[in-house]
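[1] need a structure here:
(2 chains)
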Amino acid sequence: MCLGHGVPLRRPTLSAMAKKKTPPRSEPSFGETDAPTRASLLHSMLLQRRFEERCAEAYALGRIGGFCHLYIGQEACGTGAISLLRDDDYVITTYRDHGQALARGLTPRAVMSELFGRSDGCSRGKGGSMHLFDRNTNFLGGHGIVGGHVPIATGVGFAIKYRGTDQVILCFMGESVVNTGAFHEALNMAALWKLPVVYIIENNRYGMGTALERASAIHDIYQRGAAYDMPRAQVDGQDVLMVRAAVAEAIHRARTQSIPTLLEVRTYRFMGHSMSDAVSGTYRTKQELEEYMKRDPIHVLRAHMEERGEIDDAGMTALDEEIKAVVQDAWDFAEASPEPALESLWEDVMVETTT
Amino acid sequence: MSVITYRDALNQALREEMQRDDRVFLMGEEVAVYQGAYKVSKGLLQEFGEMRVVDTPITELGFAGVGVGAAMVGLRPVIEFMTWNFALLAIDQVVNAAAKMLYMSGGQYPMPMVFRGPNGAALQLAAQHSQAWESWLAHIPGLKVITPATPYDAKGMLKAAIRDDNPVVVLEGEMLYNTKGEVPDGDYIVPIGKAEVKREGEHCTLVAHGKTVLMALQVADALEKEGIRVEVVDLRTIRPMDVETIAASVRKTNRAVVLEEGWEVCGVGAQVVDYVQRHCFDHLDAPILRVHQEDVPMPYAKNLERTAKPDVAKTIAAIRQVMYLPTA
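    Here you go, the predicted model:
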């Protein structure tokens, strides 16, 4: 089983860059969890899973249209990272944004309504699956152009430094982003100007159907950070506690020293790229998928909690039932939510402005 | 009132707006230490410091995106492109991010920002440095596009752009930076979305914008000597276009010529012609003609470049044609 995608996992820190042979472990104090935090992580991940399973159903029924990219299998990445944020921090991400939106606290009702194209959606039905936004939680959007949001994250980091606050921004992206020019331009400026941005590459091995090895000249893509002398690390993305530890250290560095970090979180997408993509068979084998599914991030966390006696089968069943009811409520709410008023077609193109 | 250059008018606008609002900052290549590739930002680094007058690497896509991010969370960036030709590298941020953020977010994220820099041809800069981008940019809902022609308009409209809560594209002109005109010393605004009749006349309307306004005024001077009084309408704003001012002029003159630096196909002039035919159909005494760059990339050689560009003679010929007068 190759969580490191066939490569042993390393977790270098800034100081590790100098003495490459013996990468020290992350500071053990970073991202430590207690029982309530673990319970909350499990709740969030299971909510994302059940929510998106119903998304697939809704898509098949025509309730959701357009492009729809599911996060199933990758939940530990967003959940672990976002769980460390303060309310006044920022999150920006790609079009695979349902899970991170829920992790950040957008309500299942608001997200499902958006997916259904209804007026109670978090973007008033104008954004859809790829463009979830929420000003209340500083969720700066799902963005649809690969690489396009990475300079925007750098700009938010610039604004934080400009105002002199100690906020941070998490910028999520897929591994295919690292081959875009926007990625390099953005990371260069963040390192040059020392901006409080944590760039998190969710390396799920495939940019749509193109394997990382067929797209990138180097395969340990966290090493792209070397070009900018940026602290960087590779993380097991199926273990939410490992994600938390790595992201906590990066957030600490951003908040206290205004230094950006590049994290490569190794994960796997259990579904197709989008709803039109077969889960396996074209660019990846069924055996490969099944191997990775053995390390379902929800099972990994559950195992941690079982070891500590924090959950058992009955507890898991009860949690699942509770969450399924929440998701059903979101579905019912979205279905009852009115379609956007036709007048709204012309709203939000421009704001009224007085000079 | 002082007589100052277009360059200094822009500089005053930037300085006054940065003094007025500490959320306003200027970012781009060579804007700080070098004092601006065209010296528009002269003295601003010394007055406002390096956090508000920011030299960037040569990274148009990157720093345009930095502006977008900063605007999303409440700053008011002024992003300078050394020329709009380089802005093509950043077009994803202008079109896919800045212009659409408010809409995609259902109204949650306004983008109070300015993208500015010189546009159009100067002299013998050849194909990649001699292009007018207004029809590209004005095509995009979510953007405002302005093309001030005089120092007065440059200062007043840049101030309006910086105070606007929407993304505003400011197309300046390398050949305009040294032109002079009267500019009030203090604060004033020239509103976005209002065209201006720069010269009154009753025989033919000549619609122009940006640098071609100066050419249009020369045309009007020349034809005045023959007793032909041309009304020069300066669009000033390409989007949203002031259709009423154009239509009012054409209803008066019954004829129109549209002059622009850009190419013919899908150009600004095509849009003006469409508005005129819809609003003034019964008032037209002749088909509307357009004067524009020849349909070729800009050549380097002096004689070829001169031939490729719109000019006074071509515009006079077009006006004579719509007036059914013999052309020279």
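[2] I'd like to know which elements the lengthiest helix in chain B is packed against.
    What stands out as the longest helix in chain B, according to DSSP state H, is helix B:6-20. Counting contacts by 3 or more Cβ pairs under 8 Å, 6 or more residues apart in numbering or on different chains; DSSP states H and E, helix B:6-20 is packed against strand B:24-28, helix B:44-48, helix B:151-163, strand B:180-183. Any C-beta I mention is one placed from the backbone N, CA and C, and that applies to glycine too.
[3] which residues does that helix contact?
    B:4, B:24-26, B:38-44, B:47-48, B:52, B:78, B:148, B:150-152, B:154-156, B:158-159, B:162-163, B:172-173, B:176-181, B:183, B:187 (Cβ atoms under 8 Å, 6 or more residues apart in numbering or on different chains).
[4] for chain A, tell me which of those residues show up nearby.
    The subset of the contacts of helix B:6-20 within reach of chain A, by Cβ under 8 Å from any Cβ of the partner chain, is B:25, B:159, B:163.
[5] with adjacent residues omitted, what lies nearest to the first one?
    Going back to what we said before, that points to B:Phe25. B:Arg52 (4.3 Å; Cβ to Cβ, 6 or more residues apart in numbering or on different chains).
[6] again, but for the second one
    Excluding the flanking residues, the one nearest B:Lys159 by Cβ to Cβ, 6+ apart is B:Ala13, at 4.8 Å.
[7] in this structure B:Leu289 contacts B:Glu264, no?
    No - using Cβ atoms under 8 Å as the test, B:Leu289 is too far from B:Glu264 to be in contact (11.2 Å).
[8] neighbour count for the two, which is higher?
    Set B:Leu289 next to B:Glu264 and count neighbours by other Cβ atoms under 10 Å in any protein chain shown: B:Leu289 wins out with 20 against 14.
[9] and the residue of the stretch 1-150 of chain A nearest chain B?
    Relative to chain B, the nearest point of the stretch 1-150 of chain A is A:Arg124 (3.1 Å; Cβ to the nearest Cβ).
[10] which residue would you name as the spatial centre of chain A?
    A:Gly78 (3.5 Å; Cα atoms, centre = their mean).
[11] next SSE after the host helix or strand of that one?
    Under the criterion of DSSP states H and E, A:Gly78 resides in helix A:75-82. Using DSSP H and E, the helix or strand that follows helix A:75-82 in sequence is strand A:90-93.
[12] tell me the helices and strands packed up against the next helix or strand after that next one.
    Per DSSP H and E, the first helix or strand lying C-terminal to strand A:90-93 is helix A:98-104. Under the contact criterion of 3+ Cβ pairs under 8 Å, 6+ apart, helix A:98-104 touches helix A:35-60, helix A:75-82, strand A:90-93, helix A:108-115, strand A:139-142.
[13] what does helix A:98-104 rub up against?
    By Cβ under 8 Å, 6+ apart, helix A:98-104 touches A:44, A:47-48, A:51-52, A:55, A:70-71, A:74-75, A:78-79, A:82-83, A:85, A:91, A:93, A:108, A:111, A:115, A:122, A:129, A:132, A:134, A:137-139, A:142, A:172.
[14] in which helix or strand does A:Val235 reside?
    strand A:232-236.
[15] the next helix or strand after that strand close to chain B?
    Per DSSP H and E, strand A:232-236 leads on to helix A:240-257 as the next helix or strand towards the C-terminus. No - for helix A:240-257, no contact with chain B is found by Cβ under 8 Å from any Cβ; the gap never falls below 15.0 Å.
[16] one step back: and the strand holding A:Val235, which strands flank it?
    With DSSP bridges as the test, strand A:232-236 is paired with strand A:261-266 (parallel).
[17] quick revisit: the residue of the stretch 1-150 of chain A closest to chain B: what's it in contact with?
    A:340, A:344, A:348, B:106-107.
[18] helices along the stretch 51-200 of chain B, start to end?
    Listed in chain order, the helices of the stretch 51-200 of chain B (DSSP state H, counting those that start in this stretch) span B:60-72, B:91, B:101-104, B:134-138, B:151-163.
[19] show me what the last one is packed up against.
    Counting contacts by 3+ Cβ pairs under 8 Å, 6+ apart, helix B:151-163 packs against helix B:6-20, strand B:114-118, strand B:144-146, strand B:168-172, strand B:180-183.
[20] where exactly do the strands run in the stretch 201-350 of chain A?
    Secondary structure of the stretch 201-350 of chain A (DSSP state E, counting those that start in this stretch): strands located at A:206-207, A:210-211, A:232-236, A:261-266.
[21] let me know the secondary structure of B:Val33.
    coil (DSSP: H, G, I helix; E, B strand; the rest coil).
[22] return the residues of the stretch 51-200 of chain A in contact with chain B.
    A:90, A:92, A:121-127, A:131, A:133-135, A:140-141, A:143-145, A:148-162, A:181-182, A:185-186, A:188-189, A:192.
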